[in-house]
Structures are given as C-alpha cells and as structure tokens.
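Chemist: Turn this into a model:
(one chain, ligands or ions: 1)
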Amino acid sequence: MNELAGKHIVLGLSGGVACYKAADLCRLLIKEGATVQVVMTEAAGQFMTPVTMQALSGRRVYSSQWDAREPNNMPHINLSREADAILIAPCSADFIARLVQGRADELLSLLCLARPVDRVPLLLAPAMNREMWAHPATQRNLAQVAQDGAVVLGVGNGDQACGETGDGRMLEPSELLEELVAFFVPKVLANRRVLITAGPTFEAMDPVRGITNLSSGKMGFSIARAAREAGADVTLVAGPVHLPTPRGVRRVDVQSAQEMLAAVEQHAQSASVFIATAAVADWRPATSSSQKIKKDGSGQPPVLGFVENPDILATVARSPHALTGDLFCVGFAAESHDLLAHATAKRARKGVPLLVGNIGPATFGQDDNALLLVDAQGHRELPRASKRTLAHQLVAEIARRLPEQ
Ligand code: C5P
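Modeler: From the prediction side, this is the model:
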C-alpha cells in the first residue's frame, strides 16, 4: 500500500551510529509513496556519506545553510515550507539540545527553527547511549522540545553500538515508518479506550490437543492498529495467532473462550468501545484431562462430551456499562450466505448497536475482505479492499456513532 502517497518528508540526519538505519528508513518511506528530501548535519556526514542518501532518495542532499544551489539562497526556508513533516532520524542528544536553544548555526537546526510550527510537524527519533538518554539534561531537553511542539518518538531497548545494553537505541526503520504513517491518521478516537478480541480460541482436551478454528486474527489486528493510529488507547485480547503486535497496542494473549471472557471483563469496565472480532469456539470439551489421553488398545476412541462456551460479546453487551451507553459494542458475523438477513438477526440477538457481517470462507486468512455494516438505521456496504483499508473505514464509522465526550 502507498501509505504515504503524496507526502513530502524532510528526513534529517544528525550525528550517530544509527545513521546506517536512516538509509533503510529512506527506502521504506519512498516505497510507501513519499518523496524524501535528506538533510544531513556535518556530524551525520561522519557516519554516512551523502552519496548513499542521494542515491536512495533520488534527490541531492543538503548539508549547508550556505548552499548556493537554491536560487534565493535560502534552503532553510524552501526546504521547511515544502515539507508535510520533518523527521529527524537519528536525533542525537546534541541535536535535541540545539532545538531547545533554538540554535540556527547549521542547516538542519536552522530549518527546524524556521518551520511554520502550526503547519509542518517535527518528529524526533532519538538515538544515543543509555547513560546519555537517562541523563537529566537529556530528559529535561526532551520535555522542553515536546512542550515546544515536537513529537518525540520512543526509543528501543537493547544492545548498543558502544557495547552497553539499555534504553536509547533508535527505533527500527519499520517502526519509524509505522509511527509516521500513524501520525498522519486523523485522531477520531482520541481519548477513547478500545477493547478488541481477535483470532480463534483453543479449547484443550488434554495438554497437547484441543479444538480450534482457522481464524487468522488479521482483521482484528488490523482494527487494533487502525484504532491506535486514530488515537485510541487499545487493548487487544488475542487467541493463539502468530501475528506481530501492532505498535503501541497492549496485547493480552489467551487460549480458551473462558480465558478470553475473563480478560475482556477485566478491561471492559474502563473501555468506551468493544469490538468482538474473535472467532470464539462455540463449545469446549466438557472435561480436559491433565495428562495426555492415550490409546487404550481397545480400538475405541474416547467419547468426548461438549459444553457451550460463554458468549463474550452478548455478556459484555448486557453489562450495565454497555446498557447505559458508556460502552459501544460492535459484533462480527462470519456467514456463508444471506449476509444481510443473518447479520440483522445477529445484531438483535447479541444486543449490539453495530454488527459487521462478512462472508467467512471468502476472508479467512486473506489480506482483503468486504464488510456489511448493520445498525438500527439500516445497512451499508464497505466494498472489497485490504483489511487495513477496511479497518480504517470501520474505525471512522464507529467514531461517528460514539457519544460526544
Ligand atoms: O454467534 P456467533 O459466533 O456467530 O457471533 C459472532 C460474534 O459474536 C463475533 O463478534 C464474536 O466475536 C462474538 N462471539 C463471542 N463469544 C462467543 C461467540 C461469539 O464474543 N462465544
């Protein structure tokens, strides 16, 4: 997907070993449709040559405020006016200090100072040794630049080039890309807590076997990512799936429907939206053996009894928090035919204001889907698109149905 189509990004490099990651970041930004103008400090040039960044961005790199290539000789004005965002990656401790002081004696800090603050956002991806990161001067400076309007992205934790281990690594290029994409998404769910279930459940028969289903969890994970990008605080209760956790999303892993219900009940009280995308097993084995069930040589398979699982969505939708309208519940229906009729009936049965229907066999495990939204007013189709696109559309549909806060 061209998630940054039409965006012009000024990618600023200050001095640090993490400059090597900026090369990959530049490629990722371009792959997502952005145009990238690289600006490097003199210190950055010690770690990475402009040749590499020019080749990757397809544009000449700027490093000097005295660059005479600009007809008006004002690269700091021209570069900062053209940008949809300025991303400094890596952003060194020294560069943060320069921003705090409003220094203007080299091009990158000069163009940050010269940018129209209300129109051109400044995002910082700090990168430094853990002691430098933890130093009160750095933390004080970070608080100040944030107060002055910069968006300070997080740092990673782990091995550092200096041989030490701790906080201060620059986020990985893919993480920075995710942060930048998220930054441009309208914050229609700001100050909302969203709880989502996703994936299948696994109902154990014994320690090694159980029943489950083919839900991939992709739709629920896409919605979790989209909700977080829209500004929500997101908790994702996930059955057994091997999907990476979207950035900034709190993930609670569960196995069975009963565990899923317990986790959901724990978080539902403080949530304002509950989206049930999980394919919860309708039944579980009546008994689960603590030891592996062995063949007994009789040729007779064991007789399995089943009991019904709790209906998580219906339980939550009947809770006082939902009945008073403080928790907006959204259900999903995976059907094989007669989608509108089944989705309408399911909405009534579950007692939810919004039910989202999809054709199960056409979507399980796929990266795209088509949705049918059914509410008290009627229905609306969201035509076939990637789950990521649909997740954003669904988040917008949910947001406009929420009570004002
Ligand atoms: O009844 P059915 O399984 O078709 O309903 C689907 C919807 O109900 C989905 O939103 C699913 O996440 C939710 N559900 C649930 N707990 C169950 C069964 C379904 O939350 N035990």
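Chemist: tell me how far the helix or strand in which residue 55 is found is from the chain's mean position?
Modeler: Residue 55 is part of helix 50-57 when elements are defined by DSSP states H and E. Centre-to-centre, helix 50-57 and its host chain are 29 Å apart (CA atoms, centre = their mean, to the nearest Å).
Chemist: Following the record's annotation, map out the domains of the chain.
Modeler: 8-183, 193-401 (automatic domain parsing).
Chemist: Now render those domains as CSV, adding mean pLDDT.
Modeler: Converted to CSV, those look like this (pLDDT from 0 to 100):
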stretch, mean pLDDT
domain 8-183, 96
domain 193-401, 95
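Chemist: Tell me which of the ones you listed lies nearest to the ligand.
Modeler: Among the domains of the chain, the nearest to the ligand by CB to the nearest ligand atom is domain 193-401 (3.3 Å). Yep, even glycine has a C-beta here, placed from its N, CA and C like the rest.
Chemist: So that closest one, near the ligand or not?
Modeler: Yes. Interface with the ligand: domain 193-401 contributes 197, 257, 276-278, 280, 309, 311-313, 331-333 (CB under 6 Å from any ligand atom).
Chemist: ok, residue 359 touching residue 370?
Modeler: Yes. Counting by CB atoms under 8 Å, residue 359 touches residue 370, with 7.4 Å between them.
Chemist: helices or strands next to the strand or helix carrying residue 124 in the packing?
Modeler: Secondary structure assignment for residue 124, by DSSP H and E: strand 122-126. Other elements packing on strand 122-126 under the criterion 3 or more CB pairs under 8 Å, 6 or more residues apart in numbering; DSSP states H and E are strand 85-91, helix 93-101, strand 151-152, helix 173-184.
Chemist: Any chance of TSV for the ones you listed, columns mean neighbour count and distance to the ligand?
Modeler: Shown next, in TSV, are the helices and strands packed on strand 122-126 (neighbours: other CB atoms under 10 Å; distance: least, CB to the nearest ligand atom, whole Å):
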stretch	mean neighbour count	distance to the ligand
strand 85-91	26	37
helix 93-101	21	45
strand 151-152	16	35
helix 173-184	19	26
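Chemist: can the ones you listed go into TSV with extra columns for distance to residue 37?
Modeler: Converted to TSV, the helices and strands packed on strand 122-126 look like this (distance: least, CB to CB, whole Å):
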stretch	distance to residue 37
strand 85-91	9
helix 93-101	17
strand 151-152	19
helix 173-184	15
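Chemist: I'd like to know which of the ones you listed lies nearest to residue 227.
Modeler: Closest approach to residue 227 among these is made by helix 173-184 (10.8 Å; CB to CB).
Chemist: Buried residues in stretch 281-291, which are they?
Modeler: Of the residues in stretch 281-291, 281, 284, 285 count as buried by neighbour count, 16 or more other CB atoms under 10 Å.
Chemist: roughly how far is it from the heart of the chain?
Modeler: Centre to centre, stretch against its chain (CA atoms, centre = their mean), the figure for stretch 281-291 is 34 Å.
Chemist: cool, and stretch 294-307?
Modeler: That offset, for stretch 294-307, works out to 45 Å (CA atoms, centre = their mean).
Chemist: Please export the C-alpha coordinates of it as CSV.
Modeler: What follows is stretch 294-307, C-alpha atoms only, in CSV (Å, rounded to 0.1, in the frame of the first residue of the first chain):
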residue,chain,number,x,y,z
LYS,A,294,-3.6,-42.4,25.5
LYS,A,295,-4.9,-45.1,23.2
ASP,A,296,-6.0,-47.9,25.4
GLY,A,297,-5.6,-50.7,22.8
SER,A,298,-9.3,-51.4,22.6
GLY,A,299,-9.7,-49.7,19.2
GLN,A,300,-12.4,-47.5,20.7
PRO,A,301,-11.8,-43.7,20.5
PRO,A,302,-12.5,-41.8,23.7
VAL,A,303,-16.0,-40.3,23.9
LEU,A,304,-15.9,-36.5,24.1
GLY,A,305,-18.7,-34.5,25.6
PHE,A,306,-19.0,-30.8,25.0
VAL,A,307,-20.4,-27.8,26.9
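Chemist: what residue of this structure is the furthest out?
Modeler: residue 298 (53.0 Å; CA atoms, centre = their mean).
Chemist: Three-state assignment for it, please.
Modeler: coil (DSSP: H, G, I helix; E, B strand; the rest coil).
Chemist: and it, what does it touch?
Modeler: Not one residue lies near residue 298 by CB atoms under 8 Å, 6 or more residues apart in numbering.
Chemist: Okay, it and residue 292: tell me how far apart.
Modeler: 17 Å (CB to CB, to the nearest Å).
Chemist: I'd assumed residue 326 was in contact with residue 272.
Modeler: Yes. Residue 272 is in contact with residue 326 according to CB under 8 Å; the separation is 6.7 Å.
Chemist: Which of these two has more residues huddled nearby?
Modeler: More neighbours surround residue 272 than the other of residue 272 and residue 326, with 19 against 13 (other CB atoms under 10 Å).
Chemist: Stretch 313-323: how far from the chain's middle?
Modeler: 27 Å.
Chemist: how about it: buried residues?
Modeler: Within stretch 313-323, the residues that count as buried by 16+ other CB under 10 Å are 313, 316, 317, 319, 321, 322.
Chemist: Show me the two of the residues you listed that sit farthest apart.
Modeler: 313 and 321 (13.8 Å).
Chemist: Help me confirm that residue 207 is found in a strand?
Modeler: No. Residue 207: not assigned to a strand; according to three-state DSSP it is coil.
Chemist: secondary structure element for residue 27?
Modeler: Going by DSSP H and E, residue 27 is part of helix 19-31.
Chemist: Please write out the alpha-carbon positions of that helix in PDB.
Modeler: Output in PDB follows, covering the C-alpha atoms of helix 19-31 (Å, rounded to 0.1, in the frame of the first residue of the first chain):
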ATOM      1  CA  CYS A  19      22.600   6.900  10.600                       C
ATOM      2  CA  TYR A  20      23.000   3.400   9.000                       C
ATOM      3  CA  LYS A  21      19.400   2.800   9.800                       C
ATOM      4  CA  ALA A  22      18.300   6.100   8.100                       C
ATOM      5  CA  ALA A  23      19.300   4.600   4.800                       C
ATOM      6  CA  ASP A  24      16.800   1.800   5.100                       C
ATOM      7  CA  LEU A  25      14.200   4.200   6.500                       C
ATOM      8  CA  CYS A  26      14.600   6.400   3.400                       C
ATOM      9  CA  ARG A  27      13.900   3.400   1.200                       C
ATOM     10  CA  LEU A  28      10.800   2.400   3.200                       C
ATOM     11  CA  LEU A  29       9.400   6.000   3.000                       C
ATOM     12  CA  ILE A  30       9.900   6.000  -0.700                       C
ATOM     13  CA  LYS A  31       8.400   2.600  -1.100                       C
END
